[in-house]
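Participant: show me the folded form of this:
(chains A, B, C and D)
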2 protein chains.
Amino acid sequence: MKASTATLDKARDEFVTQWGALGSAWGINRTMAQIHALLMTSPNPLSTDEVMEQLAASRGNAHTNLKELVNWGLVRIVTRKGERREYFEAEKDVWKMFVTISKERKRREIDPALGVLRSCADQTKGETSPAGKAFHTQMQELEEFVAFAGKVADVVAGMKHTSALQWAMRLLG
Amino acid sequence: MKASTATLDKARDEFVTQWGALGSAWGINRTMAQIHALLMTSPNPLSTDEVMEQLAASRGNAHTNLKELVNWGLVRIVTRKGERREYFEAEKDVWKMFVTISKERKRREIDPALGVLRSCADQTKGETSPAGKAFHTQMQELEEFVAFAGKVADVVAGMKHTSALQWAMRLLG
DNA sequence: CTCTTTTTTCAGTGAAAACTGAAAGCAATG
DNA sequence: CATTGCTTTCAGTTTTCACTGAAAAAAGAG
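Facilitator: Numbers count the residues shown, from 1 in each chain, chains lettered A, B, ... in the order given. A predicted model of the protein is given here:
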């Protein structure tokens, strides 16, 4: 691997580190966010060992988080012919990334929340006391809103890059 | 406090517990999410001691998270005249909640991310190697997207409940 | 100023999550 | 079927974060 300029290395390092920190603020573990940042800015796919080396992480840690990123659909495995080793490559198109994350968060967060709210609304359908009615209404309103958020996620997920941008321009222009 | 129906208590309990669990999946600590759920479904403002009792939490824990919710703008302090003690009351309007959360997450997550991306893009403005250019472009694209997300948050924050719903209907109808 | 009630802070503890490193598993190769 | 090269798993450890409880600070009340 040829030596890159010091500035580039420094910037990339900053990106990886800070992205990791930001990831923690979301509910994402630091290593996973760092690996993602690393792959997003890598000119070529990286092997587990290269990731381990660049982040000074253990094999187990690198492996688990790489596979988790693959599960999320943000990273894919590529193999070079005649080579046994797996390499990992991140989706670099920002809009595609966004769509993938939206889908996944919907599945993991919105759908379960809807379940809870439906169940709570359901259980209190028959309440007659003011408190009971208020609770029921509150659950319904939350359910309605969360369902709406889910629909937005679906619509977004169906958008192609170009149309999405046009839509955005109309919204904000 | 008068005895409520068992069904209502059960439903409310489920809501508080599950909301706490869901909160963890977001980057929100369990107690904070639970207190929020508790206050959202409470007919009247609650004191620190009442929160402590209902969630079996320590004073420090209850206190810290109540104040954190106040910081977020999701909960306000109310005082009864002639009483020294503070009571806490959650915003119950779902749309207002959403607007508050959007604003706050923008400030805490989008703005810092923008900072990182700008810095990284800036540092690599002058890169001439293919790798350097690719990195710079990647940072720019991310920055553009995150800035867009911020604008969306601003627009949403400015919407009134009614117009927001109309907008939503047009989007999904 | 002293007593009482409530809020706030914080050092110490505990639980949960992330991480390590080594062993086990698997697939290709001769 | 033994060997090599890589992947996967997991028991044990470290790190991080939430939480406790008690002490200190603040805010009335007399």
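Participant: can you map out the strands along chain A?
Facilitator: For chain A, strands defined by DSSP state E occupy the ranges A:46-47, A:75-79, A:86-90.
Participant: now those strands as TSV including mean neighbour count and mean pLDDT?
Facilitator: The way it works is simple: take the backbone N, C-alpha and C, and place the C-beta from them, glycine included. Shown next, in TSV, are these (neighbours: other C-beta atoms under 10 Å in any protein chain shown; pLDDT from 0 to 100):
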stretch	mean neighbour count	mean pLDDT
strand A:46-47	18	98
strand A:75-79	14	97
strand A:86-90	18	98
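Participant: now render these as CSV, adding distance to B:D154.
Facilitator: Below are those laid out as CSV (distance: least, C-beta to C-beta, whole Å):
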stretch, distance to B:D154
strand A:46-47, 37
strand A:75-79, 32
strand A:86-90, 29
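Participant: out of the ones you listed, flag the one nearest DNA strand D.
Facilitator: Nearest of the strands of chain A to DNA strand D, taken as C-beta to the nearest atom of the strand: strand A:86-90 at 3.2 Å.
Participant: to A:L171, which of the strands of chain A lies closest?
Facilitator: strand A:86-90 (28.1 Å; C-beta to C-beta).
Participant: does chain B sit close to the closest one?
Facilitator: No: interface with chain B: strand A:86-90 contributes nothing (C-beta under 8 Å from any C-beta of the partner chain), its closest point being 10.2 Å away.
Participant: off-centre distance for that strand?
Facilitator: 17 Å (C-alpha atoms, centre = their mean, to the nearest Å).
Participant: other SSEs contacting it?
Facilitator: Counting contacts by 3 or more C-beta pairs under 8 Å, 6 or more residues apart in numbering or on different chains; DSSP states H and E, strand A:86-90 is packed against helix A:30-40, strand A:46-47, helix A:48-55, helix A:59-72, strand A:75-79.
Participant: rerun at 6 Å
Facilitator: strand A:75-79 (3 or more C-beta pairs under 6 Å, 6 or more residues apart in numbering or on different chains; DSSP states H and E).
Participant: the strand it packs on - which strands sit beside it in the sheet, and in what orientation?
Facilitator: Sheet pairing of strand A:75-79 (DSSP bridges) gives strand A:86-90 (antiparallel).
Participant: near DNA strand D at all, the partner strand?
Facilitator: Yes: Strand A:86-90 is in contact with DNA strand D by C-beta under 7 Å from any atom of the strand, via A:E86.
Participant: how far away is A:A56 from DNA strand C?
Facilitator: Taking C-beta to the nearest atom of the strand, to the nearest Å as the measure, A:A56 falls 7 Å from DNA strand C.
Participant: was I right about A:M139 contacting A:L117?
Facilitator: Yes: with contact defined as C-beta atoms under 6 Å, A:M139 reaches A:L117; the gap is 5.5 Å.
Participant: how far away is A:E91 from A:L69?
Facilitator: 10 Å (C-beta to C-beta, to the nearest Å).
Participant: rewinding a little: tell me which of the strands of chain A sits nearest to B:F148.
Facilitator: strand A:86-90 (20.4 Å).
Participant: what separation do you get for A:T5 and A:R107?
Facilitator: To A:R107, A:T5 is 41 Å away according to C-beta to C-beta.
Participant: do A:A121 as well
Facilitator: From A:A121 to A:R107 the distance is 21 Å (C-beta to C-beta).
Participant: ok, now A:L55?
Facilitator: Counting by C-beta to C-beta, the gap from A:L55 to A:R107 is 28 Å.
Participant: so these two - more neighbours on which side?
Facilitator: A:L55 (20 against 12; other C-beta atoms under 10 Å in any protein chain shown).
Participant: OK, contacts around the nearest residue to that one once chain neighbours are set aside?
Facilitator: Nearest non-adjacent residue to A:L55, counting by C-beta to C-beta, 6 or more residues apart in numbering or on different chains: A:Q34, 5.7 Å away. A:Q34 is in contact with A:V16, A:G20, A:L55, counting by C-beta atoms under 6 Å, 6 or more residues apart in numbering or on different chains.
Participant: what about the second one, neighbour count?
Facilitator: Going back to what we said before, that points to A:G20. So A:G20, with other C-beta under 10 Å, has 21 neighbours.
Participant: tell me if I'm right that A:V146 and A:A113 touch.
Facilitator: Yes: the criterion here is C-beta under 6 Å, and A:V146 meets it with A:A113 at 5.3 Å.
Participant: report pLDDT for A:K106.
Facilitator: Note for A:K106: predicted pLDDT of 94.
Participant: same check on A:R170?
Facilitator: A:R170 is given a pLDDT of 72.
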